[in-house]
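Colleague: okay, structure incoming, though there's no sequence with it:
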RNA sequence: GGGGCUGUAGCUCAGCACGGUCAGAGCGCCUGCCUGUCACGCAGGAGGCCGCGGGUUCAAGUCCCGUCAGCCCCGCCA
């Protein structure tokens, strides 16, 4: 390297560089060749600078400049000078200066990039961008999500460090735990037939750190879950994990509010209003049909089971007789028949048997026009009037939508319909950050597939103290000391106060149908640690990718992860997952080319294995 | 495991409903010209397994079946 950078481009904006000789290094964004004068727009991480090769420069330098193409990395020596009168470019910060080149060094050539490097790449297919992720990042603006992410990490570390938290690392090669998501497994070379698991979260280790007396721990840490992907789910993702000792829910939640407020202030300059609103799980389900409601808009659900009972509508009655419920929402709009069919189809795709609708017009000429719907004839006039009251129909035009089904199904369909209608009717304000806490979750839920109770949060979550005496008698009525942070309808964090005494932890395991042997085998180290003076403790984990995605207004966490996987779990850049040599496989004592069992004998073997596992 | 959308030039896409001037556009790229441009301009040019395989047909980007890949969703996953 003959020419060595003396300055980054953004530094050169300062007046005192005028007339000074500097060397800048970077990539050529654009080239404008006028025959006798060549302009290069040179880009480094900090900015964009116009370089001019013109009359007076040595012929061999000009000849080299003539060979430069887009995306060549080059260094240029020259004098910074003010641009001639009328030649300024107000679009860029360096638009009033330019570098009058006296020397240039081409460090490398470049093939023509597969997509333009100087415009918005959001129109380019994601697959192409992922395959050439390094070019997408290098392109204009391509660094910014990752610079932002750096700033987020820095703000978090500064804030927590200031508050006495210690960042402590925990292992990636650890032990598989039952409960929760499927583990990624790593076969052990030294112990044939044994496996490490990649952590789904550092949960157990952070609890051990509390037993170890660190008091306040945090970590920005990768977690792994071998489940199917979504726009907001990757097999490896990053959590901000933290845990504190001698605290209760309020301590953790208020710390989180301060942390998030600090974060938004430092990185976006946005002041969040704290404390965040709180909603119990039951209330959230009642009003929104989901435990992670988007509060940026209204469209609250209303129960109408009682009114449905008074109508002659068989669809509603049948559902109620089978123990179902009827709920609905009022969208402030009228829809065409075609739109109503589309909405019905949408509801059916979510598993609804149908979608009942009533078109309401407040100041209609007649009662028939006020309540227009194929089902309205089944409703006594008085019931319709009570619907008007219940749904608070104050404006001129509404369409009421109803679903009648099991509570779970009804809530699922209506919560999705609510979001769908809000988007469609443009009820969601731009640029709004609507945080809330969801609290008072049930501790357990019934898993039909497994025929046993499972933990809603995780098995280490502390039950509510006032519910403790019902733990064995009415486990499904017991609430937990867990809390979720929801931002704009997406869960961005969740945590709980943990069990810190062995006897209670064992009672929970028992209710979860985890045998004493299994508990000892899988969590013996934790149970033992709890016996050595484990302090009361609790914490939380934030999905950092999701949080950053929302802060930047992106639609997918892939946009804020430098090298993400596709929906089928592939890395388009490296081609992972990939085959390995037979030698590597054999060293791990595993079978190459293993496929789904096809014969009955193979299936029996698999079944035995599963039973042993659980 | 299931549902939906997409796949045509390096990139973005049109052409598919009704099979036959249907291998097209814009941008990019290459060559030449050009001393003040900044999305420079002008002139010329190259570039195609119409994702892949099979089928129907005299004839298939176009219709049918399968398959692969990307995206969104359900299941799964906090």
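Modeller: Noted; the coordinates are in hand. It should be emphasised that the depicted structure is a prediction, and the values quoted were computed from it without experimental measurement. Residues are numbered from 1 along each chain as shown, chains lettered A, B, ... in the order given.
Colleague: report the distance from stretch A:56-66 to the chain centre.
Modeller: The chain centre lies 51 Å from the centre of stretch A:56-66; the measure is CA atoms, centre = their mean, to the nearest Å.
Colleague: is any residue of that stretch near RNA strand B?
Modeller: No. Judged by CB under 7 Å from any atom of the strand, stretch A:56-66 makes no contact with RNA strand B; its nearest approach is 7.9 Å. In this view, the C-beta of every residue, glycine as well, is placed from N, C-alpha and C.
Colleague: how is chain A divided into domains?
Modeller: Following automatic domain parsing, one gets these domains for chain A: A:9-106, A:146-279+A:436-560, A:297-408, A:582-613.
Colleague: and the third one, average pLDDT?
Modeller: Domain A:297-408 shows a mean pLDDT of 90.
Colleague: so what would you say the end-to-end distance of it is?
Modeller: Distances were taken as CA to CA, to the nearest Å; on that basis the terminal residues of domain A:297-408 are 22 Å apart.
Colleague: what's the weakest-modelled helix or strand in chain A?
Modeller: helix A:600-613 (a mean of 48; mean pLDDT, DSSP states H and E).
Colleague: from the stretch 351-500 of chain A, which residue is nearest to RNA strand B?
Modeller: Among all residues of the stretch 351-500 of chain A, residue A:494 sits closest to RNA strand B, at 3.8 Å; criterion: CB to the nearest atom of the strand.
Colleague: give me the residue at the spatial middle of chain A.
Modeller: The residue lying closest to the centre of chain A (CA atoms, centre = their mean) is residue A:546, at 2.5 Å.
Colleague: what is the helix or strand that one falls within packed up against?
Modeller: Using DSSP states H and E, residue A:546 sits in helix A:544-551. If contacts are counted by 3 or more CB pairs under 8 Å, 6 or more residues apart in numbering; DSSP states H and E, helix A:544-551 sits against helix A:144-162, strand A:236-245, helix A:249-268, strand A:490-497.
Colleague: make TSV from those and add mean pLDDT to it.
Modeller: Shown next, in TSV, are the helices and strands packed on helix A:544-551 (pLDDT from 0 to 100):
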stretch	mean pLDDT
helix A:144-162	98
strand A:236-245	97
helix A:249-268	98
strand A:490-497	96
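Colleague: redo the ones you listed as a markdown table? Include mean neighbour count.
Modeller: As requested, those are arranged in a markdown table below (neighbours: other CB atoms under 10 Å):
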| stretch | mean neighbour count |
| --- | --- |
| helix A:144-162 | 16 |
| strand A:236-245 | 23 |
| helix A:249-268 | 18 |
| strand A:490-497 | 22 |
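Colleague: so which of the ones you listed comes closest to residue A:460?
Modeller: Nearest to residue A:460 among those is strand A:490-497 (7.7 Å), distances taken as CB to CB.
Colleague: what about the closest one, distance to the chain center?
Modeller: Its chain's C-alpha centre and that of strand A:490-497 lie 12 Å apart, by CA atoms, centre = their mean.
Colleague: pairing partners for that strand, with directions?
Modeller: Note on strand A:490-497: by DSSP bridges, its sheet partners are strand A:482-487 (antiparallel), strand A:537-543 (antiparallel).
Colleague: and that strand with strand A:236-245, angle?
Modeller: Computed by axes from the mean of the first three to the mean of the last three CA atoms, to 10 degrees, the angle separating strand A:490-497 from strand A:236-245 equals 30 degrees.
Colleague: just want the angle from strand A:490-497 to helix A:544-551.
Modeller: Counting by the same axes, to 10 degrees, strand A:490-497 points 140 degrees away from the direction of helix A:544-551.
Colleague: in a helix, residue A:523, correct?
Modeller: Yes. Read with DSSP: H, G, I helix; E, B strand; the rest coil, residue A:523 is one of the residues of a helix.
Colleague: can you get me a residue count around it?
Modeller: Per other CB atoms under 10 Å, the neighbour tally for residue A:523 reads 23.
Colleague: cool, and residue A:206?
Modeller: Counted with other CB under 10 Å, the neighbours of residue A:206 add up to 24.
Colleague: residue A:60 and RNA strand B: what is the separation?
Modeller: To RNA strand B, residue A:60 is 16 Å away according to CB to the nearest atom of the strand, to the nearest Å.
Colleague: what's the following helix or strand after whichever strand or helix holds that residue?
Modeller: Per DSSP H and E, residue A:60 falls inside helix A:59-67. Where DSSP H and E defines the elements, the next helix or strand beyond helix A:59-67 is strand A:73-82.
Colleague: list the contacts of that following strand.
Modeller: A:1-5, A:12, A:17-28, A:40, A:42, A:51, A:68, A:96-108, A:110 (CB atoms under 8 Å, 6 or more residues apart in numbering).
Colleague: residue A:448 is nearest to which of the helices and strands packed on helix A:544-551?
Modeller: strand A:490-497 (23.3 Å).
Colleague: ok so, going back, how about a markdown table for the domains of chain A, with distance to residue A:570 added?
Modeller: Below are the domains of chain A laid out as a markdown table (distance: least, CB to CB, whole Å):
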| stretch | distance to residue A:570 |
| --- | --- |
| domain A:9-106 | 26 |
| domain A:146-279+A:436-560 | 10 |
| domain A:297-408 | 27 |
| domain A:582-613 | 20 |
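Colleague: touching RNA strand B at all, stretch A:194-205?
Modeller: Yes. Counting by CB under 7 Å from any atom of the strand, RNA strand B is contacted by stretch A:194-205 at residue A:200.
Colleague: where along the stretch 401-550 of chain A do the helices fall?
Modeller: A:407-424, A:502-511, A:516-530, A:544-551 (DSSP state H, counting those that start in this stretch).
Colleague: pick the most deeply packed of these.
Modeller: Ranked by mean neighbour count, the helices of the stretch 401-550 of chain A are led by helix A:544-551 with a mean of 23 (mean count of other CB atoms under 10 Å).
Colleague: doesn't residue A:232 make contact with the residue nearest to the centre of chain A?
Modeller: Yes. Under the criterion of CB atoms under 8 Å, residue A:546 makes contact with residue A:232 at 5.5 Å.
Colleague: return every residue with contacts to both of these two.
Modeller: With CB under 8 Å, 6+ apart as the test, residue A:546 and residue A:232 both reach A:490, A:557.
Colleague: re the thing from before, pipe the strands paired with strand A:490-497 into JSON lines and attach mean pLDDT per row.
Modeller: Listed next are the strands paired with strand A:490-497 as JSON lines, based on pLDDT from 0 to 100:
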{"stretch": "strand A:482-487", "mean pLDDT": "96"}
{"stretch": "strand A:537-543", "mean pLDDT": "97"}
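Colleague: want to throw those strands into JSON lines with distance to residue A:280 and mean neighbour count?
Modeller: Formatted as JSON lines, these follow (distance: least, CB to CB, whole Å; neighbours: other CB atoms under 10 Å):
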{"stretch": "strand A:482-487", "distance to residue A:280": "11", "mean neighbour count": "25"}
{"stretch": "strand A:537-543", "distance to residue A:280": "18", "mean neighbour count": "25"}
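Colleague: which one of those strands lies nearest to residue A:61?
Modeller: When the strands paired with strand A:490-497 are ranked by proximity to residue A:61 (CB to CB), strand A:537-543 comes first, at 52.7 Å.
Colleague: that closest one to helix A:249-268, inter-axis angle?
Modeller: Using the same axes, to 10 degrees: strand A:537-543 against helix A:249-268 is 30 degrees.
Colleague: give me the distance from strand A:537-543 to the chain's centre.
Modeller: A distance of 16 Å separates the centroid of the chain from that of strand A:537-543, by CA atoms, centre = their mean.
Colleague: same question for stretch A:227-234.
Modeller: On CA atoms, centre = their mean, the centre of stretch A:227-234 falls 9 Å from that of its chain.
Colleague: repeat for stretch A:167-187
Modeller: On the basis of CA atoms, centre = their mean, stretch A:167-187 is displaced by 20 Å from the centre of the chain it belongs to.
Colleague: before we move on, what about stretch A:23-30?
Modeller: Centroid separation for stretch A:23-30 versus its chain: 36 Å, with CA atoms, centre = their mean.
Colleague: please apply the same query to stretch A:509-519.
Modeller: On CA atoms, centre = their mean, the centre of stretch A:509-519 falls 32 Å from that of its chain.
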